[in-house]
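Engineer: Next come a sequence and a model predicted from it.
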Amino acid sequence: MKFAKRLLLAIAVIYLLPALASAGLWAMKDHPQGWNKARWSSSGTLPDAKADRDAAVYVFSAMTGGFKGSVASHAWIVLKKPGANSYDRYDKVGWGTPIRHNNYAADAYWYSNMPRQVVAIHGKAAEDLIPKIEQAIADYPYGKPGGYRIYPGPNSNTFVAHVLRSVPELGVVLPPDAVGRDYLPNGEFVHIADDWKDGSVSLGGLFGISAGVRSGFEVNFLGLVAGIDFARPGIKVPGLGYFGVAADG
């Protein structure tokens, strides 16, 4: 009984209290009344594609809409081939054909929320990665109509996390508020990165552990992630996000 009580207390302190705090902070802010009232235009984060002739790869994340936006974010991928005059954006959404190409500006607000840059790679390194990323997008197993489930996945974050796992050279994992990122495709229970620098165990995205160079050490409980980042020293707090050494990717 003592163990059970201590476990429940740990869950409350590590997961429930931060999630409630995040929800409280969310409630104090103004929010658009529905998707049609939200801002979806360019945030001006990215340079004009015509002015930057180098290849580029970006991963963005932004808090999503509605009350779920108090603890959950939405991620997407942006590519620019060398010499291209425009960006290519890839998202997964919950209606129609789920994988969308250029449905929004590459650096658009998401439900009026400012995009956060998860990683940015330029030049020859980006040029080499783009074919691998495009192949990972094509290989995503839940890209057809009906291949979306908001919780625990496969959702928008499951899609981007799949690409990050398939192309470990990108060197990052999604933020801890990217609910659905720990859902492993095709019913997998264990995933070991091709470079052996990261690994995870997951029970349908609801419970799991990840550890390695990119993940640090993380514990997923019902989609909420708590952990420690060693590469960028800091902590990952459910709902509230990452606190520690800032980095631009």
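Structural biologist: That came through, no problem. Residues are numbered from 1 along each chain as shown.
Engineer: show me the contacts for the most centrally placed residue in the chain.
Structural biologist: With distances taken as C-alpha atoms, centre = their mean, the residue of the chain nearest its centroid is Leu174 (3.8 Å). Contact analysis of Leu174 by C-beta atoms under 8 Å, 6 or more residues apart in numbering lists Val59, Ser61, Ser73, Ala75, Val118, Asn157, Val160, Ala161, Leu164, Arg181. C-beta coordinates here come from the backbone N, C-alpha and C atoms, glycine included.
Engineer: Those in strands, which ones?
Structural biologist: Residues of these located in strands (DSSP state E): Val59, Ser61, Ser73, Ala75, Val118.
Engineer: these two touch, right, the first one and Val119?
Structural biologist: It refers to Val59. Yes: applying C-beta atoms under 8 Å as the test, Val59 and Val119 come out as touching, 4.9 Å apart.
Engineer: Between these two, which is the more surrounded one?
Structural biologist: Counted by other C-beta atoms under 10 Å, Val59 and Val119 do not tie: Val59 has more neighbours, with 22 against 18.
Engineer: mind checking the SS state of Ser202?
Structural biologist: strand (DSSP: H, G, I helix; E, B strand; the rest coil).
Engineer: Check the separation of the first and last residues in stretch 213-232.
Structural biologist: Stretch 213-232 has an end-to-end distance of 10 Å (criterion: C-alpha to C-alpha, to the nearest Å).
Engineer: same question for the longest helix belonging to the chain, mean pLDDT?
Structural biologist: If each helix of the chain is counted by residues according to DSSP state H, the longest one is helix 123-139. Mean pLDDT, helix 123-139: 97.
Engineer: quick one on the thing from earlier: burial measure for the residue lying closest to the residue nearest to the centre of the chain once chain neighbours are set aside, as a count.
Structural biologist: Spatial nearest neighbour of Leu174, excluding adjacent residues (C-beta to C-beta, 6 or more residues apart in numbering): Arg181 at 4.4 Å. Neighbour count of Arg181, defined by other C-beta under 10 Å: 31.
Engineer: same thing with Met114?
Structural biologist: Met114: 13 surrounding residues under other C-beta under 10 Å.
Engineer: Is Ala108 in contact with Trp40, as I believe?
Structural biologist: Yes: Ala108 is within contact range of Trp40, at 5.4 Å (criterion: C-beta under 8 Å).
Engineer: So these two - more neighbours on which side?
Structural biologist: Using other C-beta under 10 Å as the criterion, Ala108 and Trp40 rank with Ala108 on top: 19 against 15.
Engineer: Across the sheet, point out what pairs with that one.
Structural biologist: When bridges are called by DSSP bridges, Ala108 pairs up with Ser42.
Engineer: Asp198 now?
Structural biologist: Here Asp198, judged by DSSP bridges, has bridge partners Gly212.
Engineer: quick one: the strands in this structure?
Structural biologist: For the chain, the strands defined by DSSP E occupy 56-63, 73-80, 88-92, 99-101, 116-122, 190-192, 198-203, 207-212, 216-221, 224-229, 234-237, 241-244.
Engineer: mind listing what the first one pairs with, with the direction of each?
Structural biologist: The partner list of strand 56-63 in its sheet, established with DSSP bridges, is strand 73-80 (antiparallel), strand 116-122 (antiparallel).
Engineer: Flag every buried residue along that strand.
Structural biologist: Ala56, Val57, Tyr58, Val59, Phe60, Ser61, Ala62, Met63 (16 or more other C-beta atoms under 10 Å).
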